[in-house]
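In: I would like to see how this sequence folds:
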Amino acid sequence: MPIRRLPPETVNRIAAGEVVERPSSAIKELVENALDAGATRIEIQADGGGLSRILIADDGHGMAPGQLALAVERHATSKLEPDDAGDVDLLRISTLGFRGEALPSIGSVARLTITSRAKDGDAHQITVEGGDQRPVAPAGFPGPHGARVEVRDLFYATPARLKFMKSERSEAMAIFEEIKRQAMAHETVAFTLDLDGRTTLRLPAEHPGDEGRLKRLAALLGRDFEANALLIDQSREGIRLSGYAGLPTYSRGNGGHQYLFVNGRPVRDRLLQGALRGAYADFLARDRHPAAVLFLEIDPLFVDVNVHPAKAEVRFRDPAMVRGLIVGALRHALHAAGHRASTTVADNVLAGFTAHTGPAWSPSSPTARGFSGWTGWDRPVAANQDIPGLSEMTVRVEAPPADFQHWPEQSGAPNPADPIDQPLGAARAQVHGTYIVAQTRDGIVVVDQHAAHERLVYERMKTQMAEGSVIRQALLTPEVVELDPAEADRVIARADELAQLGLIVEPFGGGAVLVRETPALLGDTDVQGLIRDIADDLAEHGAALALSERLGEVCGTMACHGSVRAGRVLSAPEMNALLRQMEATPHSGQCNHGRPTYVELKLNDLEKLFGRR
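Out: Residues are numbered from 1 along each chain as shown. The predicted model follows:
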């Protein structure tokens, strides 16, 4: 068949298929246009999941009448400035939108109306229906300047696309998520979102800076995130990482609470997600995911935002440096958090108490005589009344076995006369040979002695590994691992890094790697599986996570076997020594699997449980 040019209408619809995948994609493009226009207030309305009607109104700079016709032409944009020679530098993109495809693409598949007024000018309007452009005409406009973009009957000109749309509810949820991301990235802009006539989101503009950003994030992610978020602010070689990351004990069951922004642009980047996983590798099990909102500010020359039609992905010139900055900044913040645990741990405990005691203490229960319901008591319970389970609970404060090794007090750690003023308080009892009950100045702390000591031992082992080289063991027969050439090249390129972790590899012909030594901590390991996991990690995340995670797992296993077991009776001095070491050890608020090592209940919480408040 001969080569021929496609009609302009077909070209526009192909472009629309790349840029406008669904209603939320159209809204993303229009909101980014408003932000680039300097808007401080953006109102979004969507009906029928955005398929029936979309309206974006802003108070930005607006457009003069002569600019409206250009705005709906392909590859016409105000966001790329040519130099004196007329050339445009596509490597230095400082705006959110720059391709000049959004408005003509939307106009080619929907009924598009743009009404705009520039400052000190008159309002005008242009309409495009299915690619058919109408002349610019005068129109009314409610504000002194800005734009109103209305999209009706999205994809009516390409009915086949409508078959691939999800339900109106699903499309509305996608719109909500998109606006939520944009609002996170621009806390100084007020956002209002109406879905089918109902206000779903109303966010006032916040002050610039960390305080305003955290207030905006709390409005979008909840107060629990605000209470359990760690401030991130680190710079390296002109790249700045800021934002907030959740405590390990404030983890989630999926990665849906991870939001990443590059120069104010919401992106989905595997490198950034891998960096999050690596930073929390010591604190979370594989099925748990940290909550984080991170903002990366980088010179546009060092990031390519032009690799995806919808600008949803980016490519870094030096991904290893970016990943190192993210991992280092997160670990620094986690280290600074010390033994702090999530506030939601206590909330879950209180909820568990309520759920457990409700049925057992119902008015009809024979053990609840005198209880008149959830609003109070009509008379006190008899003093001689038997309470089930009390006789089975063991409370011990006694000397430990003779073979128990005492923990020395950490050098430099505080040793006050009254430890009740310490963060974790003074040990008062050991319950069931497993849990230490401590009294603080304003509540109590319950510590899982095995989980807490496991973290202490693990941190000590990590320190020892960091202070010296990892001990290696030579294989009796070097093992050859067959990979594809690209995988083999990636592994060999990181040979020096792998050697620091105790793994010695050499090239062995095309597509093969020779392994001579492995870390002694791994013992008799599956070398083939280890190298393939490392190759996969290098391909996906740009770092050898498999080896470092396996070493971490081995350290965790050794720490588990070397720590105080549940059921071991401890003396009061030993319980207090454990509490003081927890206070002096980073990350002691959670065990190696991300579970909390202690629960703190304030006096107010206890009084609520017993109806005193």
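
In: just after whichever strand in the chain runs longest, pick out the following helix or strand.
Out: Secondary structure of the chain per DSSP state E: the longest strand is strand 472-482. Sequence-wise, the next helix or strand downstream of strand 472-482 (DSSP states H and E) is helix 485-493.

In: the helices in the stretch 451-600 of the chain, which residues?
Out: Assigned by DSSP state H, counting those that start in this stretch, the helices in the stretch 451-600 of the chain fall at 485-493, 495-500, 527-541, 545-562, 572-584.

In: between those, which has the poorest average model confidence?
Out: Lowest mean pLDDT within the helices of the stretch 451-600 of the chain: helix 545-562, a mean of 54.

In: distance check, Ile239 against Glu313.
Out: Distance of Ile239 to Glu313, computed by Cβ to Cβ, to the nearest Å: 18 Å. Heads up, the C-betas are built off the backbone N, CA and C, glycines and all.

In: who has more neighbours, these two?
Out: Neighbour totals were compared for Ile239 and Glu313, and Ile239 leads with 19 against 15 (other Cβ atoms under 10 Å).

In: Ala451 versus the residue lying closest to the more buried one once chain neighbours are set aside, what's the distance?
Out: Closest residue to Ile239 apart from its sequence neighbours, by Cβ to Cβ, 6 or more residues apart in numbering: Ile298 at 4.8 Å. Per Cβ to Cβ, Ile298 is found 39 Å from Ala451.

In: same check, this time on Phe610
Out: Phe610 sits 28 Å away from Ala451, going by Cβ to Cβ.

In: those two: which has the busier surroundings?
Out: Higher neighbour count among Phe610 and Ala451: Ala451, with 22 against 8, using other Cβ under 10 Å.

In: got the contact list for that one?
Out: For Ala451, the contact set (Cβ atoms under 8 Å, 6 or more residues apart in numbering) comprises Cys591, Arg595, Pro596, Thr597.

In: show me which of those residues is closest to Gln45.
Out: In terms of Cβ to Cβ, no member of the contacts of Ala451 lies closer to Gln45 than Pro596, at 43.6 Å.

In: adding pLDDT, distance to Ala137 and neighbour count, write the contacts of Ala451 out as CSV.
Out: CSV is the format used below for these (pLDDT from 0 to 100; distance: Cβ to Cβ, whole Å; neighbours: other Cβ atoms under 10 Å):
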residue, pLDDT, distance to Ala137, neighbour count
Cys591, 74, 68, 26
Arg595, 75, 65, 17
Pro596, 80, 64, 24
Thr597, 84, 69, 24
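
In: the closest residue to Arg117 other than its chain neighbours: neighbour count?
Out: Take Arg117 and drop its neighbours on the chain: the residue closest to it by Cβ to Cβ, 6+ apart is Ala123, 3.9 Å away. Taking other Cβ under 10 Å as the criterion, the count of residues near Ala123 is 21.

In: show me where pLDDT drops low in the stretch 1-150 of the chain?
Out: Segments of the stretch 1-150 of the chain classed as low confidence (criterion: pLDDT under 70) are 9, 11-19, 79-92, 97-100.

In: strands of that one, start to end?
Out: For the stretch 1-150 of the chain, applying DSSP state E, counting those that start in this stretch gives strands covering 41-47, 53-58, 111-117, 124-129, 132-133, 137-138, 146-152.

In: contacts for stretch 148-157 next, please.
Out: For stretch 148-157, the surrounding residues in contact (Cβ under 8 Å, 6+ apart) are 13, 20, 23, 26, 30, 33, 50-57, 103, 106, 108-116, 130-131, 141, 161-162, 165.

In: in ChimeraX, select just the buried ones from those residues.
Out: In ChimeraX syntax, the buried subset of these is picked out as below (16 or more other Cβ atoms under 10 Å):
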select :13,20,23,26,30,33,50,51,53,54,55,56,57,103,106,108,109,110,111,112,113,114,115,116,130,131,141,161,165
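
In: just checking, Ala488 touches Leu514?
Out: No. At 10.3 Å, Ala488 and Leu514 do not qualify as touching, with contact defined as Cβ atoms under 8 Å.

In: for the two, indicate the residue with more neighbours.
Out: Counted by other Cβ under 10 Å, Ala488 and Leu514 do not tie: Ala488 has more neighbours, with 22 against 16.

In: for the more buried one, what are its contacts?
Out: Pro507, Gly510, Gly511, Ala512, Val513, Ala535.

In: what about it, distance to Leu475?
Out: Applying Cβ to Cβ, the value for Ala488 to Leu475 is 18 Å.

In: which parts of stretch 125-137 are buried?
Out: Within stretch 125-137, the residues that qualify as buried are Gln125, Ile126, Thr127, Val128, Glu129, Gly130, Gly131, Val136, counting by 16+ other Cβ under 10 Å.

In: spatially, what comes nearest to the first one if we skip its sequence neighbours?
Out: Spatial nearest neighbour of Gln125, chain neighbours left out: Ala139 (3.6 Å); criterion: Cβ to Cβ, 6+ apart.

In: run through the residues that contact the residue nearest to Arg117.
Out: Ala123 makes contact with Thr115, Ser116, Arg117, Pro138, Ala139, Gly140, Phe141, according to Cβ under 8 Å, 6+ apart.

In: with those in mind, which one is nearest to Val457?
Out: Val457 lies nearest to Ser116 out of these, by Cβ to Cβ, at 65.5 Å.

In: identify the bridge partners of that closest one.
Out: Here Ser116 sits in beta bridges with His124, Ala147, as judged by DSSP bridges.

In: which residues sit in contact with it?
Out: So Ser116 contacts Gly62, Met63, Leu68, Ala123, His124, Gln125, Phe141, Gly146, Ala147, Arg148 (Cβ under 8 Å, 6+ apart).

In: what strand or helix carries the closest residue to Ala229 other than its chain neighbours?
Out: Taking Cβ to Cβ, 6+ apart, and ignoring the residues beside it in sequence, Ala229 has Tyr244 as its nearest neighbour in space, at 3.9 Å. Using DSSP H and E, Tyr244 falls within strand 239-246.

In: name the helices or strands packed onto that strand?
Out: The contact analysis (3 or more Cβ pairs under 8 Å, 6 or more residues apart in numbering; DSSP states H and E) places strand 239-246 against helix 210-221, strand 229-236, strand 292-297, helix 319-336.

In: same for the first one, what does it pack against?
Out: Using 3+ Cβ pairs under 8 Å, 6+ apart as the contact criterion, the neighbours of helix 210-221 among helices and strands are helix 168-185, strand 198-203, helix 223-227, strand 229-236, strand 239-246.

In: now do the longest one against strand 198-203, angle only.
Out: Following axes from the mean of the first three to the mean of the last three Cα atoms, to 10 degrees, one obtains 10 degrees for the angle between helix 168-185 and strand 198-203.

In: relative to strand 41-47, how tilted is the helix or strand following helix 168-185?
Out: Of the helices and strands lying after helix 168-185 in sequence (DSSP H and E), the nearest is strand 190-195. Interaxial angle, strand 190-195 versus strand 41-47 (the same axes, to 10 degrees): 10 degrees.

In: and strand 190-195, which strands flank it?
Out: According to DSSP bridges, strand 190-195 has the following sheet partners: strand 41-47 (parallel), strand 198-203 (antiparallel).
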